[in-house]
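K.L.:
build me a structure from this.
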Amino acid sequence: MLKPYVTASARTSHRCPEPRARHLIFLWSGGEPIPVGVIAGEHTVHDGDRAAFASGLWATSVVAADSTAAQQLAVDQIRRSRH
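P.N.:
Purely as a prediction, here's the structure:
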């Protein structure tokens, strides 16, 4: 299970925020995608350090109510795309 640095509940009020696009950047470690950034909105990502990250840096966008939900949706999406 992913453990975000700050959970969505720690940042938001009790009301559910509206879902919106969130862009996530990952690296691979031990055969698993590890989220390293969640950015509000959709963004184009280019390049990366292929020597340092042989399995690659990955990015995807999802629509989610908060960063915690976005991380889980994106990890599931990335795992499916690798199989």
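K.L.:
buried ones in whichever strand or helix holds residue 76?
P.N.:
Take DSSP states H and E as the rule and residue 76 turns out to sit in helix 67-82. By neighbour count, and taking 16 or more other CB atoms under 10 Å as the criterion, the buried residues in helix 67-82 are 67, 68, 69, 70, 71, 73, 74, 75, 78. Placement of C-beta: from N, CA and C, glycine included.
K.L.:
was I right about the last one contacting residue 60?
P.N.:
Yes - if you go by CB atoms under 8 Å, residue 78 and residue 60 touch, sitting 6.1 Å apart.
K.L.:
residues that sit against both of the two, list them.
P.N.:
Overlap between the contact sets of residue 78 and residue 60, as judged by CB atoms under 8 Å, 6 or more residues apart in numbering, is given by residue 26.
K.L.:
which of the buried residues of helix 67-82 scores worst on pLDDT?
P.N.:
For the buried residues of helix 67-82, the minimum pLDDT belongs to residue 78; the value there is 85.
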